[in-house]
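Undergrad: compute the structure for the input listed below.
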Amino acid sequence: QEQLVESGGGSVQPGGSLRLSCAGSGLFLEVYSVGWFRQAPGKEREGVACSNNRDGRTYHADSVKGRFLIARDNAKNTVYLQMNSLLPEDTAVYFCAAGWGDYCSSDEFDYWGQGTQVTVSS
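TA: Numbering: from 1, shown residues only. Alright, predicted model coming up:
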């Protein structure tokens, strides 16, 4: 069965850090573009960071640039999202995704994880 399994969410104070992990099961992530998306209550899902498998480029949304970093570990078939200097507005459910698209847009991705909650609050 092809699936993505996320871990690493939780609660943290503003300014703190978390690292999200996304492991592929039945999916060889090295051949896919991968991305992290988030959805806050009452808001649309947005692309946070993506890694294009064809040209190796990465994309980070302006709201997280300089604070978040997407990275792959092909040996572990895992994708990470390192999140530093977290802000209350980063609170959301975070999803990892894999697909064949070139852009960090949810309609470009075919496989989705179950989501993990990140809460930033004092």
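Undergrad: ok, which stretches of the protein are strands?
TA: For the chain, the strands defined by DSSP state E cover 3-7, 10-12, 18-25, 33-39, 46-51, 58-60, 68-73, 78-83, 92-99, 109-112, 116-120.
Undergrad: pLDDT weak spots in the chain?
TA: Applying pLDDT under 70 to the chain flags no residue at all.
Undergrad: before we move on, the earlier item: could I get the strands of the chain as JSON lines with mean neighbour count?
TA: Where you see a C-beta, it was placed from the backbone N, CA and C, and this is true even at glycine. Listed next are the strands of the chain as JSON lines, based on neighbours: other C-beta atoms under 10 Å:
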{"stretch": "strand 3-7", "mean neighbour count": "17"}
{"stretch": "strand 10-12", "mean neighbour count": "14"}
{"stretch": "strand 18-25", "mean neighbour count": "19"}
{"stretch": "strand 33-39", "mean neighbour count": "24"}
{"stretch": "strand 46-51", "mean neighbour count": "22"}
{"stretch": "strand 58-60", "mean neighbour count": "17"}
{"stretch": "strand 68-73", "mean neighbour count": "17"}
{"stretch": "strand 78-83", "mean neighbour count": "22"}
{"stretch": "strand 92-99", "mean neighbour count": "23"}
{"stretch": "strand 109-112", "mean neighbour count": "18"}
{"stretch": "strand 116-120", "mean neighbour count": "18"}
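Undergrad: tally of neighbours for Asn52?
TA: Look at Asn52: counted by other C-beta atoms under 10 Å, it has 17 neighbours.
Undergrad: perfect, that will be all.
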